[in-house]
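Enquirer: Got a predicted structure here, sequence first:
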Amino acid sequence: MSTNLLTLLPELILTLTAVLVMLLEPLLAAGASRKPLGWLAILGSVGSGVAALYQLRAVHALGPLTGFYGTIQVDAFSIFFHLLIASIVVTTLLASLDYFPPDQVSHAGEYFALVLFGATGMMFMTSSVELLMVFIGLEISSISTYILAGFRKGRATASESALKYFLLGSFATAFFLYGIALCFGATGSTAIAAIGAGMAVTKTPLFGWLAVGMVLIGLGFKVSAAPFHVWTPDVYQGAPAPVVGLMSTAPKAAAFAVLLRFLFEAAPTDRHHWAPLIAILAVASMTIGNLGALLQSDAKRLLAYSSIAHAGYLLVAFTAPEPLAVSAACFYTAAYAAMNVGAFVVLTQLSGFSERLRTIDDLTGLALRRPGLSAFMAFFLLSLIGIPFTGGFFGKFYVFSAAVRSGYTWLAIVGLANSGLACFYYLRLLTALYARPTADTVGDSPTPRGISVPAGLALIATAAATLLLGILPNRILSLTQRAAPATVAQCPMQR
């Protein structure tokens, strides 16, 4: 197998599967089930994960692999995110197989293909070591998620979600492109490793600092870090619940992967400039996210503000030295993906396509009617709080420990204070699940949907991952520690 083909093997499998889904979809009758296409998409996603494991064996034997003139690099770092994104996509697709009602089933094939195309762009971002290639992956991912955000057609909130996401996303993309242009102006290259070498000797350091700021703005939108978070609550509220589970984790993971590579490889000499800026963004994200969540009665909007806060927790890791920062950030990304996707799988099964069960009042007393789903949701909420023996606890522990070791003790204290603040709204939702409903609430609340077998598998997988990350974190931590040095490995063409 050629090196070029091997470096993009997971992305190629996802692309070919998505194209096959699109080709087969018109051959099915208008009212026929699209579940076979969903299973095909799941098979392709699993295949991309297997391809990533094959890449890992090759990396262990040969070292980091580069292709397409050094613009693509496959190492332990990119493979970690490939496996994470593939896992998120498989879980999302399992939760989506029975999501569409009979009158919307004809659109399910497009949905499955768009999820795969979006995952292709996300994986491409994580293995790109050239900013223009990162931009291509970013656009592939963004265009797919713009469409998915408005997939509940005919609903005003869905149209608002897609339009707001598209407009603000395009605005953020412009900042990212300006950052690339300034990088080229300051260093004469758009390759991340070459930018790092050029930043140290550039005669226009102001261009370099502006470039870092522009890239931070562009990627800050993708991770919904404050003050670039304004789109998040409205988009999450209008988008389909399984799509929110996907877009709140996988695109963020890809954007954080790019940010790790860029800051620690392209701008290591400017760390004294960007580390305090990252700390300010982390404080703003944690505080604004948690304060905003306190005021929410809609479960999806509450989890949207929670997502902003968790972006802040993750940014705390960036203040640490490179190996420690990468390891802590990777672990937190995996833990957050497991518990947040799980929470949205529960919401998907409760409310369905119509999303009638969405407010905290609607969920009051749910444990009496659906004890199983309520138990899963309670477990994910406890992990989001950071209760011991869950993935969320060790994620925050590693992130705050990294900040303390790097001298940002005050930032860890702010993070702990915000974690305490977050308990109020997570416990408010948890208490509602197990509260005794009033007679009016029982009469007005629709009956929750039954859980499907594929969605049950998705719930078990996310709960198991959250639990294992909480009681056996060393396995995933060792993988993230091996991934850390790879972020500063230079391409052969630039050595």
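Expert: Received it, and whenever you're ready, just let me know what you need.
Enquirer: Which other helices and strands does whichever helix in the chain runs longest contact?
Expert: Ranked by residue count and defined by DSSP state H, the top helix of the chain is helix 156-187. Under the contact criterion of 3 or more Cβ pairs under 8 Å, 6 or more residues apart in numbering; DSSP states H and E, helix 156-187 touches helix 131-149, helix 192-199, helix 205-222, helix 232-238. The C-beta positions use only the backbone N, C-alpha and C, and glycine is treated the same way.
Enquirer: what's the distance between the first one and the middle of its chain?
Expert: In terms of Cα atoms, centre = their mean, to the nearest Å, the gap separating the centre of helix 131-149 from the centre of its chain is 13 Å.
Enquirer: Pull out the buried residues from that helix.
Expert: Buried residues in helix 131-149, defined by neighbour count with 16 or more other Cβ atoms under 10 Å: 131, 133-138, 140-149.
Enquirer: Helix or strand for Glu355, just tell me which one.
Expert: Per DSSP states H and E, Glu355 falls between elements, in no helix or strand.
Enquirer: The residue nearest to it when sequence neighbours are not counted: neighbour count?
Expert: Computed as Cβ to Cβ, 6 or more residues apart in numbering, the closest residue to Glu355 that is not its neighbour in sequence is Ala241, at 6.6 Å. By other Cβ atoms under 10 Å, 28 other residues sit near Ala241.
Enquirer: Next: Asp298.
Expert: There are 15 residues near Asp298, going by other Cβ under 10 Å.
Enquirer: quick one: it from Leu363, how far?
Expert: Going from Asp298 to Leu363 by Cβ to Cβ, to the nearest Å gives 11 Å.
Enquirer: And Pro205, by the same measure?
Expert: For Pro205, the distance to Leu363 equals 53 Å [Cβ to Cβ].
Enquirer: Next, the contact list for Val283, please.
Expert: 312, 411, 414 (Cβ atoms under 8 Å, 6 or more residues apart in numbering).
Enquirer: of Pro205 and Leu363, who's got more company?
Expert: Set side by side, Pro205 and Leu363 show more neighbours around Leu363, with 27 against 15, by other Cβ under 10 Å.
Enquirer: Does the more buried one touch Arg428 like I think?
Expert: No: counting by Cβ atoms under 8 Å, Leu363 stays clear of Arg428, with 10.7 Å between them.
Enquirer: Dump the helices and strands packed on helix 156-187 to JSON lines, plus mean pLDDT.
Expert: Formatted as JSON lines, the helices and strands packed on helix 156-187 follow (pLDDT from 0 to 100):
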{"stretch": "helix 131-149", "mean pLDDT": "95"}
{"stretch": "helix 192-199", "mean pLDDT": "91"}
{"stretch": "helix 205-222", "mean pLDDT": "92"}
{"stretch": "helix 232-238", "mean pLDDT": "93"}
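Enquirer: Export these to CSV and append columns for distance to Gly352.
Expert: Formatted as CSV, the helices and strands packed on helix 156-187 follow (distance: least, Cβ to Cβ, whole Å):
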stretch, distance to Gly352
helix 131-149, 17
helix 192-199, 44
helix 205-222, 29
helix 232-238, 16
